[in-house]
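# predicted structure and sequence below. I'll ask about it afterward.
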Amino acid sequence: MTHPPIEILGGMTADVFIRDYWQKAPLLIRGALTDVGEPVGLEWLKELASQDEVESRLIEYRQSKWLVEHGPLSARRFDRLPESDWTVLVQSVNHHLPHIADILWRFDFLPFARLDDLMISYAPPGGTVGPHFDSYDVFLLQVGGKKRWQISGQEDIRLVEGAPIKILQSFEADQTWEVNHGDLLYLPPKYAHYGVALEPGMTYSIGFRAPTQQELVTQFLIYLQDRVALEGMYADPNLTPPTEPARIAPEMVTQVATMLKAIQWDDATVADFLGHYLSEPKPHVFYDAPDEPMGEDDFAEALATHGLSLDLKTQILFTETEVYCNGEPIGTEAEDTTLWRQLANQRQLPPAAYPADFIAGLYEGYLSGYWYAE
Ligand code: SIN
Ligand code: CO
C-alpha cells in the first residue's frame, strides 16, 4: 500500500514518520500547520477555564516556587495575574470548538484509539510549565507568538521533590529552537522538554494516550466481573475430619483453583473489552439529548437532506465484529457494518437515503445526543 504525504508532517508519509520518529525520536516541522482557522482568543480560553466541566490549570513560577491552581478559574483570578510568567492550560478544547476538533482529527494517520485530546495553553512572555517529561506522545503546535523549546534525551528523570507539578531536578538541553506560528514539535513519551514563551502565544498540544499494563488488567477484571456467570458451588461430601480445624486444607485449595480456571477468555473477549473500554468517555463528559427531538421519519428526512455529524465528544471505534460508541456496543447488523465503520472513520455521513435498520440505529444515538442530522 502506498501512503500519501501528510501535509502536517511537512509532506512526510505516515509510514516514514512511524518508522523513524513515532515513539522513537523528536521531530520539529517548521510551518506544518499555519491555517488553524479562527484563533482561539484568550477571552475564549478564560471562558472555558471558568466552566465546571472543563479541566483547566493555571501554573505560575514565582519567587523560585511552582504554583498550580486547578479550575474552574474565575475572570477575577485572571484580572489579578501579572504581565508575565504564567501559563493557563485548558484540556479537551476539541470538545467545545468544531474547528479545533478538526485539527485533532487531522492526526488520523494514527489510530483514534491512541488519540486523546487537544489541550490549549496560553502564556505571556516568561510563561512556562518548567522542564519536565510527559508519559505520552505529544505534538506541540505553536499558534501565534513565539516560544523557545529546549529538549533533551537525558536519562536522568529525577523530579523536584514536593513540587505540585512534575519538574525535572536537572535539565541539560540537547537542542534549542525558537518556534513561530505553525511550527509543530513531536515528542515521544518520556522525552524531556522545556518551553518558555518569548511573546504572548498559544500552544495546541495534540496528546495521545496509552494505558499502563496495570490499568488494562484492572479494567479487564472489572469487565470480566460483570460478565462471568458460572454454575456450581464448593462441595465436600467426602470430607476427611480435620485434626486441625483451623487449617485450609490443600484439597480445598485444589478445588477452588479448578473453579477459577473455569474463567476463560479469548481474543474475541479482549476485543469486546477494548471496544467498551477505549470508547468510554471520560468521567466529566456528558451528552446533551435534544430538548424537542424530531420523530424518526423527520430524522430520516433530515439525514437525507443534511447528512450526519458526530457530536464533538462522541467516540466511535470498531473491532472486526462490532462497533462501539461512547462505551457501548451498537449491536450492528452485518449489512450495516460498512456504514457504521464509515461513520466511525470519517465522523460524518453525507446526505443520502440510508437503509431502514441503519436509520433506526442512528435515531437512537440522535436521541442520546451522540450526533446530529442538521
Ligand atoms: C505548554 O503548553 O506550554 C506545555 C505543554 C507541554 O509541555 O506538554
Ligand atoms: Co509536556
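Received the coordinates, thanks. Ligands and ions are numbered 1, 2, ... in the order given.

# what sits against the one residue in the stretch 251-374 of the chain that gets nearest to ligand 1?
Taking Cβ to the nearest ligand atom, ligand 1 has its nearest neighbour within the stretch 251-374 of the chain at Lys282, 18.4 Å off. Bear in mind the C-beta positions are built from the backbone N, C-alpha and C, glycine included. Taking Cβ atoms under 8 Å, 6 or more residues apart in numbering, we find Lys282 in contact with Ser92.

# in the chain, which spans are helices?
Secondary structure of the chain (DSSP state H): helices at 14-20, 42-49, 75-79, 98-105, 213-225, 250-260, 267-279, 296-306, 337-346, 356-367.

# and those helices as TSV, adding distance to Glu322, mean pLDDT and mean neighbour count?
Below are the helices of the chain laid out as TSV (distance: least, Cβ to Cβ, whole Å; pLDDT from 0 to 100; neighbours: other Cβ atoms under 10 Å):
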stretch	distance to Glu322	mean pLDDT	mean neighbour count
helix 14-20	26	98	14
helix 42-49	34	96	18
helix 75-79	46	95	12
helix 98-105	22	97	17
helix 213-225	14	97	12
helix 250-260	28	96	11
helix 267-279	6	98	17
helix 296-306	23	98	16
helix 337-346	9	98	17
helix 356-367	13	97	18
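
# tabulate these (TSV), appending distance to ligand 1.
Shown next, in TSV, are those (distance: least, Cβ to the nearest ligand atom, whole Å):
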stretch	distance to ligand 1
helix 14-20	19
helix 42-49	12
helix 75-79	17
helix 98-105	14
helix 213-225	21
helix 250-260	43
helix 267-279	23
helix 296-306	37
helix 337-346	28
helix 356-367	34
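
# how about the ones you listed, which one is nearest Gly127?
Minimum separation from Gly127 across the helices of the chain (Cβ to Cβ) falls at helix 42-49, 11.8 Å.

# can you tell me what sits against that closest one?
For helix 42-49, the surrounding residues in contact (Cβ under 8 Å, 6+ apart) are 54, 56, 58, 71-73, 75, 78, 88, 90, 93, 96-97, 120, 122, 202.

# what does stretch 337-344 give?
Outside stretch 337-344, the residues within contact range by Cβ under 8 Å, 6+ apart are 112, 308, 310, 316-318, 323, 330, 332, 349, 354-355, 358, 361.

# same question for stretch 316-334.
112-113, 268, 271-272, 274-281, 287, 310, 314-315, 337, 340-341, 343-344, 347, 357-358, 361, 365, 370.

# export that stretch to PDB, keeping only CA atoms.
Output of stretch 316-334 as PDB, limited to C-alpha atoms (Å, rounded to 0.1, in the frame of the first residue of the first chain):
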ATOM      1  CA  ILE A 316     -16.800   5.600  17.800                       C
ATOM      2  CA  LEU A 317     -14.300   2.700  17.400                       C
ATOM      3  CA  PHE A 318     -14.800  -0.700  15.900                       C
ATOM      4  CA  THR A 319     -13.300  -4.200  16.100                       C
ATOM      5  CA  GLU A 320     -13.500  -7.000  13.500                       C
ATOM      6  CA  THR A 321     -17.000  -7.800  14.700                       C
ATOM      7  CA  GLU A 322     -18.600  -4.900  16.500                       C
ATOM      8  CA  VAL A 323     -18.900  -1.100  16.500                       C
ATOM      9  CA  TYR A 324     -18.700   0.700  19.900                       C
ATOM     10  CA  CYS A 325     -20.000   4.200  20.600                       C
ATOM     11  CA  ASN A 326     -19.300   6.100  23.800                       C
ATOM     12  CA  GLY A 327     -18.500   2.900  25.800                       C
ATOM     13  CA  GLU A 328     -21.400   0.700  24.500                       C
ATOM     14  CA  PRO A 329     -21.700  -1.800  21.500                       C
ATOM     15  CA  ILE A 330     -24.100  -0.600  18.800                       C
ATOM     16  CA  GLY A 331     -25.300  -4.100  18.100                       C
ATOM     17  CA  THR A 332     -24.800  -3.600  14.400                       C
ATOM     18  CA  GLU A 333     -26.500  -5.800  11.700                       C
ATOM     19  CA  ALA A 334     -23.900  -7.300   9.400                       C
END
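
# now that stretch, how far from the chain's geometric center?
Here the centre of stretch 316-334 is set off from its chain's centre by 19 Å, with Cα atoms, centre = their mean, to the nearest Å.

# next: stretch 77-92.
24 Å.

# now do the end-to-end distance for that stretch.
End-to-end distance for stretch 77-92: 21 Å, by Cα to Cα, to the nearest Å.

# mind listing what's buried in it?
For stretch 77-92, the neighbour count (16 or more other Cβ atoms under 10 Å) marks Arg77, Phe78, Asp85, Trp86, Thr87, Val88, Leu89, Val90, Gln91, Ser92 as buried.

# quick check: bridge partners of Lys65?
Per DSSP bridges, the residues bridged to Lys65 are Arg62.

# need the helices of the chain in a markdown table (columns: distance to Gln154).
Output for those, formatted as a markdown table (distance: least, Cβ to Cβ, whole Å):
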| stretch | distance to Gln154 |
| --- | --- |
| helix 14-20 | 21 |
| helix 42-49 | 32 |
| helix 75-79 | 35 |
| helix 98-105 | 30 |
| helix 213-225 | 25 |
| helix 250-260 | 45 |
| helix 267-279 | 32 |
| helix 296-306 | 53 |
| helix 337-346 | 39 |
| helix 356-367 | 47 |
